[in-house]
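In: I would like the atomic coordinates for the input below:
(one chain, ligands or ions: 2)
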Amino acid sequence: MNKSSAYFERSKGVMPGGVNSPARAFSSVDMDPPFIERGEGAYIYDEEGNKYLDFVGSWGPLILGHGDEDVVKGLEEVIKKGTSFGAPTKIEMEMAELMVDSLPNVEMVRMVNSGTEATMSALRLAKAFTGRSKIVKFEGNYHGHSDSLLIKAGSGALTHGVPDSLGVPEEIGRNTLTANYNDLDNLKAIFEANKEEIAAVIIEPVAGNMGVISMTEEFARGLRALTKEHGIILIYDEVMSGFRVSFQGAQSLYPGIAPDLICYGKIIGGGLPVGAFGGRKDIMSMLGPIGPVYQAGTLSGNPLAMRAGFETLNKLGKNPEFYKKLEAMAEKLEQGILQAGERHRIPVTVNRVGAMISLFFTDQSVRDFNGANAADQQRFKTYFKAMLEEGIYLPPSQFEALFLNVQMTEEDLNQAISAIDRVFSELP
Ligand SMILES: Cc1ncc(COP(=O)(O)O)c(C=O)c1O
Ligand SMILES: N[C@H](C=O)CCC(=O)O
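Out: Numbering: from 1, shown residues only. Ligands and ions are numbered 1, 2, ... in the order given. Predicted coordinates:
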């Protein structure tokens, strides 16, 4: 990777760590990242022309693969008319209608430019609605990089050893309480100790930022019952799981449980920068200009992002077989990993929900942050590097999820499974 390494050195001179988001720096696996030149279907190509089967998919958005023809055609149409107006457009309305019509528990929605903005704004709204200041998040969950959420955070923050970022003022940090994922007793104790002070609980219902770990049914029910009992707003962060684990996201996996607000991002932008939050009309109606909670954005509802998102959601909604295919492929991959583990005596636990999957080098079940953190990260590093040499592009951290896309074929998966088998056979 001579060219990539040279570009990386150049980038480091002008960009902190050579990147615009730490997760992509590959420092966690002690190597330089390949610089990606283009993507096509299920594959990406680096500046040297190396071809990789892409299990990152821009960290989740590209469920249709690279260069989906409907997304590209839509973008070409929009770009000829203008890239941004800072004024209402028809496509924003159509996108909002599509989301409200498709999603349970979303009566109104507001578009923003990233998942970070979505969670930050949803929390502000919850604080205004309840008149309270504290929030609860779960250790190892990641909700973007706003101050109050960079506490015991997952994803790149965890991978790079800064789950509690410097620069978050103590008085802000004090209002963020952290709980253990899937632990109702812990949550009850926090609620009891902070009566009438907690505005919201925010959770990744299917977490992907400490590896993949989902809420147990019992925990999901208890969480909803307890938040209701204490007058606390329940926010599902579906930035990653939305339209990924099923068309209606994680909400549909826990029938009968309704969050009050839900955050989106990634897939709803079809590969362009986007986020959204929505939910109960009485809460959403507190937003400006009809309510007292201010929230805004020069490029919010940008026509290109809206069109890419609209084409993506429209296509996913019209093709339920996509999700069946993704599920079948992810299951095949899961089995392939487990069988390779057995064959080569490598202790491995695979967590999977739909086409979100991750592998932990441990023989213990992983259902919270401590479980994920106890897995063998040194072994993950060796595995990651060897897989990259095999032409398989995985997220460079144990604490991230792998994403499949609908462009992947049986042959692609067989290639990945054979690579895993070869790599496991040589793991120290
Ligand atoms: C669950 C979750 N919430 C929020 C975010 C923040 O989104 P963004 O990176 O678009 O700001 C991410 C990813 O980064 C995420 O995975
Ligand atoms: N896990 C993160 C989001 O889901 C990875 C993306 C990033 O932080 O760059």
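In: so where's the stretch 151-300 of the chain uncertain?
Out: For the stretch 151-300 of the chain, not a single residue meets the criterion pLDDT under 70.
In: can we see that at 80?
Out: Low-confidence segments of the stretch 151-300 of the chain (pLDDT under 80): 161.
In: with the stretch 1-150 of the chain instead?
Out: 1.
In: so what's the residue count around the closest residue to residue 261 other than its chain neighbours?
Out: Once flanking residues are discounted, residue 261 sits nearest to residue 279: 3.7 Å by Cβ to Cβ, 6 or more residues apart in numbering. Every C-beta, even on glycine, is put in place using the N, C-alpha and C of the backbone. By the criterion of other Cβ atoms under 10 Å, residue 279 has 26 neighbours.
In: wait, residue 279 sits on residue 106?
Out: Yes - between residue 279 and residue 106 a contact is recorded at 6.1 Å, counting by Cβ atoms under 8 Å.
In: hmm, the one helix or strand residue 371 maps to in reach of ligand 2?
Out: Assigned by DSSP states H and E, residue 371 belongs to helix 369-373. No - Helix 369-373 stays clear of ligand 2 (Cβ under 6 Å from any ligand atom), getting no nearer than 13.3 Å.
In: give me the buried stretch members for that helix, please.
Out: 369, 371, 372, 373 (16 or more other Cβ atoms under 10 Å).
In: returning to that earlier point: list the contacts of the residue nearest to residue 261.
Out: 105, 106, 107, 108, 122, 259, 260, 261, 262 (Cβ atoms under 8 Å, 6 or more residues apart in numbering).
In: could you pick out the buried ones from the residues you listed?
Out: Buried among those (16+ other Cβ under 10 Å): 105, 106, 108, 122, 259, 260, 261, 262.
In: spatially nearest residue to the third one (excluding sequence neighbours)?
Out: To tie it back to what came earlier, the one meant is residue 108. Using Cβ to Cβ, 6+ apart and skipping residues adjacent in sequence, the residue nearest residue 108 is residue 284, 3.9 Å away.
In: for the one you found, which residues are in contact?
Out: 107, 108, 109, 110, 125, 261, 278.
In: any idea how far the third one lies from ligand 1?
Out: Translated: residue 109. 16 Å (Cβ to the nearest ligand atom, to the nearest Å).
In: how about the fourth one?
Out: As for residue 110, its distance to ligand 1 is 15 Å (criterion: Cβ to the nearest ligand atom).
In: again, but for the last one
Out: As for residue 278, its distance to ligand 1 is 15 Å (criterion: Cβ to the nearest ligand atom).
In: okay, and the beta partners of that residue?
Out: In this structure, residue 278 bridges to residue 109, residue 262 when assessed by DSSP bridges.
In: contact partners for it?
Out: Going by Cβ under 8 Å, 6+ apart, residue 278 touches 99, 100, 103, 106, 107, 108, 109, 110, 261, 262, 264, 284.
In: show me which residues of the stretch 51-200 of the chain sit near ligand 2.
Out: Residues of the stretch 51-200 of the chain lying near ligand 2 (Cβ under 6 Å from any ligand atom): 59, 142, 155, 156.
In: what helix or strand is residue 73 on?
Out: For residue 73, the host element (DSSP H and E) is helix 69-81.
In: report all helices and strands that that helix contacts.
Out: Applying 3 or more Cβ pairs under 8 Å, 6 or more residues apart in numbering; DSSP states H and E, one finds that helix 69-81 contacts helix 303-318.
In: residue numbers of the stretch 201-350 of the chain in contact with ligand 2?
Out: Checking the stretch 201-350 of the chain against ligand 2 by Cβ under 6 Å from any ligand atom, the hits are 209, 240.
In: which parts of the stretch 201-350 of the chain are helices?
Out: Counting by DSSP state H, counting those that start in this stretch, the stretch 201-350 of the chain has helices at residues 217-229, 281-284, 303-318, 320-343.
In: gap between the longest one and the chain center?
Out: Distance, stretch centre to chain centre, for helix 320-343: 20 Å (Cα atoms, centre = their mean, to the nearest Å).
In: what's that helix packed up against?
Out: Going by 3+ Cβ pairs under 8 Å, 6+ apart, helix 320-343 lies up against helix 303-318, strand 349-353, strand 356-360, helix 410-426.
In: which residues does stretch 18-28 contact?
Out: Against stretch 18-28 from outside (Cβ under 8 Å, 6+ apart): 8-9, 11-12, 17, 32-33, 59, 155-157, 159-160, 381, 395-397, 400.
In: would you mark the buried spots in it?
Out: Applying 16+ other Cβ under 10 Å to stretch 18-28 flags 18, 19, 22, 23, 24, 25, 26, 27, 28 as buried.
In: just those residues that are near ligand 2?
Out: Answer for those near ligand 2 (Cβ under 6 Å from any ligand atom): 23, 24.
In: and of the buried residues of stretch 18-28, the nearest to ligand 2?
Out: Of all those, ligand 2 sits closest to residue 23, with 3.9 Å by Cβ to the nearest ligand atom.
In: that closest one and ligand 1, how far apart?
Out: Taking Cβ to the nearest ligand atom as the measure, residue 23 falls 8 Å from ligand 1.
In: name the SS class of that residue, please.
Out: The three-state label given to residue 23 by DSSP: H, G, I helix; E, B strand; the rest coil is helix.
In: which residue does the stretch 1-150 of the chain bring closest to ligand 1?
Out: Counting by Cβ to the nearest ligand atom, the stretch 1-150 of the chain gets nearest ligand 1 through residue 115, at 2.2 Å.
In: wait, doesn't that residue sit right on residue 267?
Out: No - Residue 115 lies out of contact with residue 267 (Cβ under 8 Å); the separation is 10.9 Å.
In: who has more neighbours, those two?
Out: Each of residue 115 and residue 267 has its neighbours counted (other Cβ under 10 Å); residue 115 has more, 30 against 27.
In: what residues are up against that one?
Out: 143, 144, 237, 239, 240, 263, 264, 265, 266, 275.
In: hmm, try it at 10 Å
Out: Counting by Cβ atoms under 10 Å, 6 or more residues apart in numbering, residue 115 touches 59-60, 142-145, 237-240, 242, 263-266, 268-269, 273-277.
In: likewise for residue 337?
Out: 346, 348-350, 352, 357-359, 416-417, 420-421, 424.
In: ok, of those, which one's closest to residue 131?
Out: residue 358 (38.9 Å; Cβ to Cβ).
In: count of neighbours near that closest one?
Out: Neighbour count of residue 358, defined by other Cβ under 10 Å: 27.
In: surely it is in contact with residue 214?
Out: No - using Cβ atoms under 10 Å as the test, residue 358 is too far from residue 214 to be in contact (11.2 Å).
In: spit out the residues that contact these two alike.
Out: Counting by Cβ under 10 Å, 6+ apart, the shared contacts of residue 358 and residue 214 are 207, 208, 351, 352.
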